[in-house]
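[1] Requesting a structural model of the entry that follows:
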Amino acid sequence: PLVLFDRVTDAVKCDKVTIDDYKSAYDATFFLIRKGCRNIAFLSSIYNTSVCALRKKGYSQALADSKLNIGKPAFVDVQPDDTVEERITEFLKSNKIDAILAAEEHSAVASLHVVQNLGYKVPQDISVIGFTNGAFNKYTIPALTSINQHSDTMGKTATKLLVNRLKKGKENNDFEHVIIQTDLIE
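    Residues are numbered from 1 along each chain as shown. The predicted structure is shown next:
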């Protein structure tokens, strides 16, 4: 028996536990728009994953759905040979932004550090939101706004699904896909 969680694929028929990556990014982008941000960049070092693709779609759709004069989608993908610091510094030299939505915690914390080193005030000049709400967030100044994926709940749910699958046996192909709700922590 197999249970996939967080980064899943439709190519494998099994039980799955995820968050709604699309809706979480959509809601976070609208949160930034409501705060007055108009030029929001999407930053990711996990650009080749299914979760990033869904988060990019949610971000793009929120920009499209806004009735305000919002900038076009700006994707900053960190390639394997780059660092987040290099990419965001390079991007900021040629683009005016007032917010960053980072697809994962590492990019969020690194971009916070870069924008501060470049003399921007967070969140007054550039707001930053990241996914995960993991261990790094509690060490940033200012505290990083993040999307809490409730990883403990995700792990417990995946374990329960696996135990139930073991009890049911191999013959049962009624696979479950559980979606854990996220929270935006300001």
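
[2] Only C-alpha atoms from now on, for both contacts and neighbour counts.
    OK.

[3] Show me where the chain has its helices.
    Counting by DSSP state H, the chain has helices at residues 21-34, 50-65, 84-94, 105-117, 151-168.

[4] among the ones you listed, which is nearest Thr182?
    For these, proximity to Thr182 was assessed by Cα to Cα; helix 21-34 is nearest, at 6.8 Å.

[5] Point out the other elements, helices or strands, that that closest one touches.
    helix 50-65, strand 99-102 (3 or more Cα pairs under 8 Å, 6 or more residues apart in numbering; DSSP states H and E).

[6] pLDDT (mean, whole number) over the last one?
    pLDDT averaged over strand 99-102 equals 97, rounded to a whole number.

[7] counting contacts, what elements does it pack onto?
    helix 21-34, strand 40-44, helix 105-117, strand 127-132.

[8] how about these in CSV, adding mean neighbour count?
    As requested, these are exported to CSV (neighbours: other Cα atoms under 10 Å):
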stretch, mean neighbour count
helix 21-34, 21
strand 40-44, 25
helix 105-117, 20
strand 127-132, 26
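
[9] Select, out of those, the one closest to Ile88.
    Of these, nearest to Ile88 by Cα to Cα is helix 105-117, at 6.6 Å.

[10] Export only the CA atoms of that closest one, formatted as CSV.
    In CSV, the C-alpha atoms belonging to helix 105-117 read as follows (Å, rounded to 0.1, in the frame of the first residue of the first chain):
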residue,chain,number,x,y,z
GLU,A,105,9.8,28.6,2.9
HIS,A,106,13.4,28.7,1.7
SER,A,107,12.7,31.2,-1.1
ALA,A,108,10.6,33.3,1.3
VAL,A,109,13.2,33.6,4.0
ALA,A,110,16.0,34.2,1.4
SER,A,111,14.0,36.9,-0.4
LEU,A,112,13.3,38.6,2.9
HIS,A,113,17.0,38.7,3.6
VAL,A,114,17.8,40.0,0.1
VAL,A,115,15.2,42.8,0.1
GLN,A,116,16.3,44.0,3.5
ASN,A,117,20.0,44.0,2.4
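
[11] Give me the distance from that helix to the chain's centre.
    14 Å (Cα atoms, centre = their mean, to the nearest Å).
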